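> return a 3D structure for these sequence lines:
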Amino acid sequence: MSDLVSAGYTHSGIGTLPDRWPVRPLSEIVSVMTNGFVGTATSAYVETDDGVTYIQGFNVEPNGFNLTNIRKVSQDFHKSHTKSCLRTGDVLTIQTGEIGVSTVVPEYLSGSNCHALIISRFIKSLAHPAYYCQYFNSKIGMNAFKEIETGTTMKHLNVGDMLQLLVPVPPIAEQQAIAEALLDMDTLISNLDQLIAKKRNIQQAAMQQLLTGQRRLPGFRGAWEIKQLGDIVELIMGQSPSSSNYNRHGDGLPLIQGNADIADRITIKRIFTTELTKLGKCGDILLSVRAPVGEVARAAFDVCLGRGVCAIRGGAEFLYHYLISIESSWARLSKGSTFDSINSAELRTLELRLPPTQAEQSAIATILSDMDTELTALEARREKARQLKQGMMLELLTGRIRLV
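From the prediction side, this is the model:
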């Protein structure tokens with residue numbers, strides 16, 4: 001590796017940084033760093049309106065909060081533990097478990113109390129809280145925390161060690177500019193999260209209405225018909241080959257045994273086998289027949305079917321969506337003490353309630369497939385935004401790109 005350093009940059013104890021970015025321990029840029037309450041507060045939980053919001057580790061997300069299942073504690077508890085009382089701008093860092101994950105306390109949570117979190121109150125003239133929150137949540141920050149974490153089974157972060165952590169201290173105006181740029185990306189990702197959740201809820205409602213006949217598309221009439229699965233498709237039950245024929249370098253066909261070989265309802269190439277027992281074709285619907293029963297996927301390529309799955313061949317696109325809609329109802333059909341399972345006879349006699357014409361089935365499937373396509377595109381946009389933010393963090397937090 002070259003020892004050459006670009007003009008305007010210098011080597012530091014934590015990497016190459018701009019000349020005007022001194023490196024200091026956190027102890028020099030915080031006015032307070034302390035633990036939240038570390039005892040058991042369950043006896044102080046209250047449901048009353050005057051209770052004080054109690055932030056715990058599971059409520060903290062990178063640069064945000066998840067306030068699902070938020071608890072409140074009594075005023076007496078709060079008054080007895082003022083050290084863990086929060087102010088706007090405090091940075092909260094998870095101390096045990098997912099150590100290092102950090103967020104900034106917004107104004108609406110000022111006055112809350114907290115449990116087992118490190119509270120960092122930065123000196124305003126030296127440090128912008130949102131900048132250091134982004135730094136802590138970056139790969140750079142997380143790697144730094146790994147160097148000082150303690151414990152074997154359960155990792156832990158000590159205040160004393162964190163105070164000695166070396167961090168860059170850019171000029172305050174530059175810290176603010178970097179924080180704002182990264183927060184803009186957080187906002188974009190959050191908006192995409194919300195849009196995806198909204199679209200997914202719409203899709204779920206459409207599936208419930210269209211796949212049960214509660215809502216009929218214009219131009220279609222007639223009673224829906226009851227048919228057995230075995231009468232309308234070919235079922236190929238899986239059979240696991242000998243493990244002595246497994247490999248990871250691509251000989252034979254990919255082996256699909258269950259959920260470990262499926263991602264986002266699509267088969268993935270993980271383990272291959274040269275012993276081809278039962279074959280699934282590209283495009284087949286795949287159904288898990290062992291713990292858990294009934295989960296649906298598509299074969300993206302020809303595969304060997306292990307005993308944990310079966311292939312459904314010859315069904316229309318409507319059937320794919322229909323089977324997804326009944327995933328949660330398979331428990332009543334599954335059997336077995338060690339592993340829940342369903343056999344070929346039970347699958348063949350599974351009763352389905354279907355529209356009377358292929359035209360109506362196709363029209364319903366088209367609507368649901370278009371929704372799938374839209375969701376996939378949105379998820380791809382979100383993933384691209386996440387990757388872009390990771391790249392921005394690396395460039396901005398090391399000063400490779402300057403905003404001021």
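> which SSE is immediately downstream of whichever helix or strand Gln194 is part of?
If you go by DSSP states H and E, Gln194 is part of helix 172-210. Per DSSP H and E, helix 172-210 leads on to strand 225-228 as the next helix or strand towards the C-terminus.
> let's see that next one as CSV, backbone CA atoms only.
This file holds the C-alpha atoms of strand 225-228, laid out as CSV (Å, rounded to 0.1, in the frame of the first residue of the first chain):
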residue,chain,number,x,y,z
GLU,A,225,-66.4,-23.6,-8.7
ILE,A,226,-64.8,-26.0,-6.1
LYS,A,227,-62.0,-28.1,-7.6
GLN,A,228,-59.3,-30.3,-6.1
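> show residues contacting that strand.
Strand 225-228 is contacted from outside by Arg348, Thr349, Leu350, Glu351, Leu352, Arg353, Leu354, Pro355, Pro356, using CB atoms under 8 Å, 6 or more residues apart in numbering. Using the backbone N, CA and C atoms, a C-beta is placed for each residue, glycine as well.
> what average pLDDT does the helix holding Gln194 get?
Averaged over helix 172-210, pLDDT sits at 96.
> in terms of secondary structure, what does it contact?
Under the contact criterion of 3 or more CB pairs under 8 Å, 6 or more residues apart in numbering; DSSP states H and E, helix 172-210 touches helix 129-137, helix 317-325, helix 358-397.
> dump the ones you listed to JSON lines, plus mean neighbour count.
Output for these, formatted as JSON lines (neighbours: other CB atoms under 10 Å):
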{"stretch": "helix 129-137", "mean neighbour count": "25"}
{"stretch": "helix 317-325", "mean neighbour count": "20"}
{"stretch": "helix 358-397", "mean neighbour count": "15"}
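> now those as CSV including mean pLDDT and distance to Ile271?
Shown next, in CSV, are the helices and strands packed on helix 172-210 (pLDDT from 0 to 100; distance: least, CB to CB, whole Å):
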stretch, mean pLDDT, distance to Ile271
helix 129-137, 97, 35
helix 317-325, 95, 25
helix 358-397, 96, 26
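> quick one: those helices as TSV, columns for distance to Gly111 too.
Listed next are these as TSV, based on distance: least, CB to CB, whole Å:
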stretch	distance to Gly111
helix 129-137	17
helix 317-325	45
helix 358-397	31
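> go through those helices and name the closest to Pro171.
helix 129-137 (10.9 Å; CB to CB).
> what angle separates whichever helix or strand comes after that closest one from helix 129-137?
Using DSSP H and E, the helix or strand that follows helix 129-137 in sequence is helix 139-148. Put simply, helix 139-148 runs at 60 degrees to helix 129-137, going by axes from the mean of the first three to the mean of the last three CA atoms, to 10 degrees.
> next helix or strand past helix 139-148?
Past helix 139-148, the next helix or strand by DSSP H and E is helix 159-163.
> neighbouring contacts of that next one?
Pro25, Leu26, Ser27, Val30, Met33, Thr34, Asn35, Thr93, Ile118, Ser120, Ile148, Thr150.
> how about it: buried residues?
By 16 or more other CB atoms under 10 Å, the buried positions in helix 159-163 come out as Met162.
> what average pLDDT does that helix get?
Here the average pLDDT along helix 159-163 is 95.
> stretch 54-62 too?
pLDDT averaged over stretch 54-62 gives 95.
> now what about it, what contacts it?
36, 41, 45, 65-67, 69-73, 86, 92, 94-98, 101-103, 109, 112-117, 137.
> not counting sequence-adjacent ones, nearest residue to Asn137?
Pro62 (4.3 Å; CB to CB, 6 or more residues apart in numbering).
> kindly report the same for Arg353.
Nearest residue to Arg353 in three dimensions, chain neighbours excluded: Trp224, at 5.1 Å (CB to CB, 6+ apart).
> these two touch, right, the one you found and Leu352?
No - using CB atoms under 8 Å, Trp224 is not in contact with Leu352, being 9.6 Å away.
> so those two - more neighbours on which side?
Between Trp224 and Leu352, Leu352 has the larger neighbour count (other CB atoms under 10 Å), namely 19 against 14.
> from Gly100, how far out is that one?
Leu352 sits 50 Å away from Gly100 when distances are taken as CB to CB, to the nearest Å.
> where does the stretch 201-350 of the chain have low pLDDT?
331-339 (pLDDT under 70).
> mind listing what the closest residue to Pro168 other than its chain neighbours touches?
Computed as CB to CB, 6+ apart, the closest residue to Pro168 that is not its neighbour in sequence is Trp21, at 4.6 Å. Contacts of Trp21 were listed using CB under 8 Å, 6+ apart, and they are Ser12, Pro168, Val169, Pro170, Gly399.
> and Ile268, by the same measure?
Pro254, Asp261, Ile262.
> name the member of those residues with the most neighbours.
Going by other CB under 10 Å, Ile262 tops the contacts of Ile268 with 22 neighbours.
> so what's it up against?
Ile256, Ile268, Leu286, Glu295, Ala297.
> need phi/psi at it.
phi -140, psi 140 (degrees, to the nearest 10).
> got it, and Thr10?
The phi/psi pair for Thr10 (degrees, to the nearest 10) is phi -150, psi 150.
> bridge partners for it, pull those for me.
Leu17 (DSSP bridges).
> thought it was touching Pro22?
No - counting by CB under 8 Å, Thr10 sits too far from Pro22 to count as a contact (10.0 Å).
> picking that back up, narrow the contacts of Trp21 to those that are buried.
Counted by 16+ other CB under 10 Å, those give Pro168, Val169, Pro170, Gly399 as buried.
> once you drop chain neighbours, what's closest to Leu165?
That would be Leu26: by CB to CB, 6+ apart, it lies 5.1 Å from Leu165.
> ok, that neighbour to Met33 distance?
Distance from Leu26 to Met33, counting by CB to CB: 7 Å.
> how about stretch 30-44: buried residues?
Quick answer for stretch 30-44 (16+ other CB under 10 Å): Val30, Met33, Asn35, Gly36, Phe37, Ala41, Ala44.
> next: stretch 193-213.
Quick answer for stretch 193-213 (16+ other CB under 10 Å): Ile196, Gln203, Ala206, Met207, Leu210, Leu211.
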